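S.K.: One predicted model, sequence on top.
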Amino acid sequence: MTRAVLVTRAPADCAELEARLRPAGLAVRPYPVLRLQEADDPAGWRAIRRLLVDPPGQPWLVIASPRAPERLVRQARGRSADALLDWPAAAVGASTAAAAARAGLRTALVGHGSGLGLARELIARLAPHDPVVLACGADRRPELPEALAAAGHQVYPVVVYAMQPTPVGELPPPGPELAAVVLTSPRSAGLYLEAVGGRPLPLPHWALGSTTRDAAAALGIDCRVPVSPTMESLAEELCRT
């Protein structure tokens with residue numbers, strides 16, 4: 001039987017890792033402890049429409065998740081804010097950039113790593129006081145917008161989706177022949193632990209980055225992290241597990 005890696009994401013979010021693990025004979029077993037829901041952010045969109053009237057400098061879009069682009073485009077068109085879709089976009093990681101391209105956005109910068117890493121790359125390109133619209137989820141890490149704001153750029157967050165806990169009874173069983181567990185966010189670490197009965201599975205655990213690793217450690221889960229916070233690096237480590 002093929003060994004598998006349990007990943008705390010929905011099947012649609014596991015495609016890149018699955019493709020990288022398949023040549024090594026590893027399968028991905030999605031364990032979606034969070035599920036995607038639409039979100040409405042009237043205040044965020046009002047601020048964006050005011051920005052569209054007379055934007056200072058060259059505004060940018062920033063997208064930190066592949067879940068955001070499709071919903072951003074749909075909501076912008078539904079709110080007569082289409083003009084922002086022509087702005088250059090900065091995306092965290094290749095999968096987010098690919099989602100942005102599918103949605104028809106013009107990705108001008110792809111950050112290979114964390115949101116903070118993307119912020120640093122983007123700040124080097126921005127002119128003083130260029131504003132940024134951050135298309136995001138209801139729960140998001142603060143490092144990216146805080147770094148942009150600290151550099152003098154007005155950040156306009158707009159919530160276009162939300163991730164809600166999946167009831168434990170609706171999760172699939174972890175299944176046999178598992179080689180490892182991948183925790184994909186601090187929030188998912190806690191929900192995973194709850195779903196498996198309060199004790200981590202007796203397997204190597206991996207986190208996508210240090211923030212998730214530290215959150216897992218606080219829950220008693222010992223996690224390793226790849227050399228860099230990318231799917232490519234994670235897959236290389238898993239193939240050696």
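M.R.: The structure has been received and is ready for your questions.

S.K.: Mind jotting down where the strands sit in the protein?
M.R.: Applying DSSP state E to the chain gives strands spanning 3-7, 26-30, 34-38, 60-63, 88-92, 106-111, 132-137, 155-165, 178-183, 205-207, 223-224.

S.K.: Using JSON lines, lay out these together with distance to residue 217.
M.R.: For glycine as for every other residue, the C-beta is placed from the backbone atoms N, C-alpha and C. As requested, those are exported to JSON lines (distance: least, Cβ to Cβ, whole Å):
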{"stretch": "strand 3-7", "distance to residue 217": "19"}
{"stretch": "strand 26-30", "distance to residue 217": "24"}
{"stretch": "strand 34-38", "distance to residue 217": "20"}
{"stretch": "strand 60-63", "distance to residue 217": "29"}
{"stretch": "strand 88-92", "distance to residue 217": "23"}
{"stretch": "strand 106-111", "distance to residue 217": "26"}
{"stretch": "strand 132-137", "distance to residue 217": "24"}
{"stretch": "strand 155-165", "distance to residue 217": "21"}
{"stretch": "strand 178-183", "distance to residue 217": "11"}
{"stretch": "strand 205-207", "distance to residue 217": "9"}
{"stretch": "strand 223-224", "distance to residue 217": "7"}
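
S.K.: Point out where this protein drops to low pLDDT.
M.R.: 1, 113 (pLDDT under 70).

S.K.: Where do the domain boundaries of it fall?
M.R.: If you go by automatic domain parsing, the domain ranges for the chain are 3-33+167-239, 38-163.

S.K.: And for residue 20, the neighbour number?
M.R.: When neighbours are defined as other Cβ atoms under 10 Å, residue 20 has 19 of them.

S.K.: what residue is smack in the middle of the chain?
M.R.: By Cα atoms, centre = their mean, the chain has its centre lying nearest to residue 65, at 3.7 Å.

S.K.: Could I get the contacting residues of it?
M.R.: Shown in contact with residue 65 (Cβ atoms under 8 Å, 6 or more residues apart in numbering): 92, 96, 136-137, 161.

S.K.: ok, 10 Å please
M.R.: 13, 71, 91-93, 95-96, 99, 115, 135-137, 140, 160-161, 163 (Cβ atoms under 10 Å, 6 or more residues apart in numbering).

S.K.: what's the answer for residue 112, then?
M.R.: 92-94, 97, 118, 121, 228-230, 232-233.

S.K.: do residue 50 as well
M.R.: Residue 50 sits in contact with residue 156, where contact means Cβ under 10 Å, 6+ apart.

S.K.: What of the one 3 residues further on?
M.R.: For residue 53, the contact set (Cβ under 10 Å, 6+ apart) comprises residue 83.

S.K.: Please report how far it lies from residue 46.
M.R.: Distance of residue 53 to residue 46, given as Cβ to Cβ, to the nearest Å: 12 Å.

S.K.: for residue 111, same thing?
M.R.: 28 Å.
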